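Undergrad: Using only what follows, build the 3D model:
(one chain, ligands or ions: 1)
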Amino acid sequence: MKNFKNATLCLVLILAAVYNLQAQEDQKILITIDPESDGPQISRHIFGQFAEHLGRGIYEGVWVGPASAIPNTRGIRNDVVEALRELNVPNVRWPGGCFADEYHWRDGIGTQDERMARINASWAGRPEPNTFGTHEYFDFLKQIGANAFISANVGSGTVKEAADWLEYLTAEGSSLALERSRNGHPDPYPVAFWGIGNESWGCGGPLTAEEYLTELKKFSNFSTNYNPALNTRHIAVGPDGADFAEYTEVIMNAWSTKSWAWNIGGISLHRYTRNGWPPNIPASGFDNQQYANVLAETVGMDSFISENEKIMNRYDPEGNVAIFVDEWGTWYAPTEGTDPGSLEQENTIRDAIVAALNFNIFVRHAERVRGANIAQMINVLQSLIITKEEEMILTPTYHAFRLYVPFQQARRLSLAYNSGIYAEGNVELQRLDAIAAKQENGHIILALTNLDPVRSVTVEVMMKDRMLKQATGETLSAPFMDSQNTFENPEQVKPQVLNPRMQNGKAEITLKPHSVTVILLN
Ligand code: AHR
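TA: Sure thing, here's the model as predicted:
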């Protein structure tokens, strides 16, 4: 009898769960945007890139050399430049990463036969020809229309070496400026961001927070930008995920009572979606649980930023020092058959969802997060582009960046919705993630991510105190949760035009499973 009762109870609970799921599936999610809620500006620099001398990131990914059969302009491949121009790339962080703290800028200037070949000790001990150096980097930036974000060598360099590099780049009238001119660039270069080291607690050190602070003050004091066209902001090294949290505390404490002799405009945070070490998450061929785990780990970015914000708010309530999440992205098991030291991995629609979730988190913290750089741009980790000799594919992550271009410099708006739940095993996440913003021209944009890999979701969008007249958009979805673009099938995952249904001043949209959608509302 007892068993019968238990079995009946179980059946009732299962039916209730199925019913609930069904009800959730059928229920529309209403999103109300407040068009007058002008929030902070979303810095375009949160859509920054990172290109390190690592594997095929620079060599082949960007640089093929002027003599290459691959179409190029002064050695920089044209297909990649054309693709990146679409993204309005705000800045490219270079030359590393760990490589930055072993990079000596003089090895990479002068005629090509004067370049110093070295060993890239950080990345698989590969030869580093230094054929891509300072002038090639700025040529690349010019071709794609981006700003410079240079990480200076603190770990194995000197204060003088860094100071000379910034003088070489930005001065007029000095011997270093003349040398730059002889090397083909009479005009000073604009340098938007000057990173003082990279991961100084690890590959760029290893230094304790206090030891790093001593270096930071000296490097900041003597690294001078002489080019009045652009104010260079110094970016200090900060923590990595849950580790080295004391960096933020020590640096901000010192900053709050600092003398005129040094300053910083930002602290760097690093956080990867990675499950321990060595990287072991499969990049493709994963199951529902592995899909959910990656998204769950990604949304941990939110609390990581909040914890650092709390510390910074104590010392800098006005928000003068920004957060730069200058390394983020997925770090999976390497692609089969590749050198694990090259950090090559496949990129699926799941990565586009990861990108969108991170963008949304940065936007929600736009008051403090004013820069972020995906790791990395081409052929490395969660890359936007993958090349194979003269061929190139755009990854789902690339398309997520392209969809979010309208958010650059827009103002965040408040919005209200009941996201629903997407659950898998012990993972429970919001089913829908959304942000809205107003562009300078008054247009309103809305980004919608359906995290659920199985169920589509219908949303109804309305504007507080206004009738919506028109809506157009694009959506990025895919047949499977691990669909990807390949050299055989390069356009399997790409945005499609979406025309929301308009009714009674509202827009109605059905979002496919595991999809990212951006719509423009009028
Ligand atoms: O992006 C790969 C590496 O990850 C970077 O070189 C380093 O800064 C981080 O640990």
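Undergrad: From here on, just use CA atoms for contacts and neighbour counts.
TA: Will do.
Undergrad: Please, where are all the helices along the stretch 201-350 of the chain?
TA: Listed in chain order, the helices found in the stretch 201-350 of the chain under DSSP state H, counting those that start in this stretch are 209-222, 246-256, 288-299, 301-315, 349-364.
Undergrad: same thing with the stretch 1-150 of the chain?
TA: Taking DSSP H, counting those that start in this stretch as the criterion, the stretch 1-150 of the chain carries its helices at 2-26, 78-85, 134-144.
Undergrad: which secondary structure elements does the last one contact?
TA: I take that to be helix 134-144. Based on contacts counted as 3 or more CA pairs under 8 Å, 6 or more residues apart in numbering; DSSP states H and E, the elements that helix 134-144 packs against are helix 78-85, strand 147-152.
Undergrad: again, only this time at 6 Å
TA: Taking 3 or more CA pairs under 6 Å, 6 or more residues apart in numbering; DSSP states H and E as the contact definition, helix 134-144 has no neighbouring helices or strands.
Undergrad: Contacts for that helix next, please.
TA: When contacts are defined by CA atoms under 6 Å, 6 or more residues apart in numbering, helix 134-144 is touched by residues 81, 85.
Undergrad: Work out the gap between it and the centre of the chain.
TA: Put simply, helix 134-144 sits 20 Å off its chain's centre (CA atoms, centre = their mean, to the nearest Å).
Undergrad: Which residues belonging to it are considered buried?
TA: 134-141, 143-144 (16 or more other CA atoms under 10 Å).
Undergrad: Repeat that for the shortest one.
TA: Judged by neighbour count (16+ other CA under 10 Å), helix 78-85 contains these buried residues: 78-81, 83-84.
Undergrad: count of residues packed around the residue of the chain found nearest the ligand?
TA: Among the residues of the chain, residue 97 lies nearest to the ligand; the distance is 3.2 Å by CA to the nearest ligand atom. Neighbouring residues of residue 97 were enumerated by other CA atoms under 10 Å; the total is 25.
Undergrad: Let's see the pLDDT reported for it.
TA: Confidence at residue 97, expressed as pLDDT, is 97.
Undergrad: check contacts around it.
TA: With contacts taken as CA under 6 Å, 6+ apart, residue 97 has no neighbouring residues.
Undergrad: Now do the SS call for residue 428.
TA: strand (DSSP: H, G, I helix; E, B strand; the rest coil).
Undergrad: for it, which residues make a bridge with it?
TA: The bridge-partner assignment for residue 428, based on DSSP bridges, gives residue 423.
Undergrad: Let me know how buried it is, in neighbour terms.
TA: Residues lying near residue 428 (other CA under 10 Å) number 13.
Undergrad: most tightly surrounded among the helices of the stretch 201-350 of the chain?
TA: Mean neighbour count (mean count of other CA atoms under 10 Å) peaks for helix 349-364 among the helices of the stretch 201-350 of the chain, with a mean of 25.
Undergrad: Who are the packing partners of that helix?
TA: Other elements packing on helix 349-364 under the criterion 3+ CA pairs under 6 Å, 6+ apart are helix 396-403.
Undergrad: one more time with 8 Å, if that's ok
TA: Applying 3+ CA pairs under 8 Å, 6+ apart, one finds that helix 349-364 contacts helix 288-299, helix 301-315, strand 322-330, helix 396-403, strand 432-438, strand 444-450, strand 515-521.
Undergrad: what's the first one in contact with?
TA: Pointing back at helix 288-299 there. Contacts made with helix 288-299 from outside it, assessed by CA atoms under 8 Å, 6 or more residues apart in numbering, are listed as 272-274, 281, 350, 353-354, 357-358, 361, 424-425, 427-429, 453, 481.
Undergrad: what about 6 Å?
TA: The set of residues that contact helix 288-299 without belonging to it, under CA under 6 Å, 6+ apart, is residue 273.
Undergrad: gap between that helix and the chain center?
TA: Between the mean C-alpha position of helix 288-299 and that of its chain there is a distance of 18 Å (CA atoms, centre = their mean).
Undergrad: partner residues bridging the spatially most central residue of the chain?
TA: A centroid search over the chain (CA atoms, centre = their mean) returns residue 374, at 2.8 Å, as the residue closest to the centre. Taking DSSP bridges, one finds residue 49, residue 328 as the beta-bridge partners of residue 374.
Undergrad: how near is it to residue 190?
TA: Using CA to CA, to the nearest Å, one obtains 22 Å as the distance from residue 374 to residue 190.
Undergrad: repeat for residue 209
TA: Applying CA to CA to residue 209 and residue 190 gives a distance of 30 Å.
Undergrad: Residue 397 now?
TA: Taking CA to CA as the criterion, residue 397 is separated from residue 190 by 29 Å.
Undergrad: on that earlier part again, make TSV from the helices and strands packed on helix 349-364 and add distance to residue 473 and mean pLDDT to it.
TA: As requested, the helices and strands packed on helix 349-364 are arranged in TSV below (distance: least, CA to CA, whole Å; pLDDT from 0 to 100):
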stretch	distance to residue 473	mean pLDDT
helix 288-299	24	98
helix 301-315	27	98
strand 322-330	26	98
helix 396-403	9	98
strand 432-438	13	98
strand 444-450	9	98
strand 515-521	4	98
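Undergrad: For residue 476, find the nearest of these.
TA: When the helices and strands packed on helix 349-364 are ranked by distance to residue 476, counting by CA to CA, first place goes to strand 515-521 at 5.1 Å.
Undergrad: Residue 43: what's it in contact with?
TA: Here residue 43 is in contact with 370, 409 (CA under 6 Å, 6+ apart).
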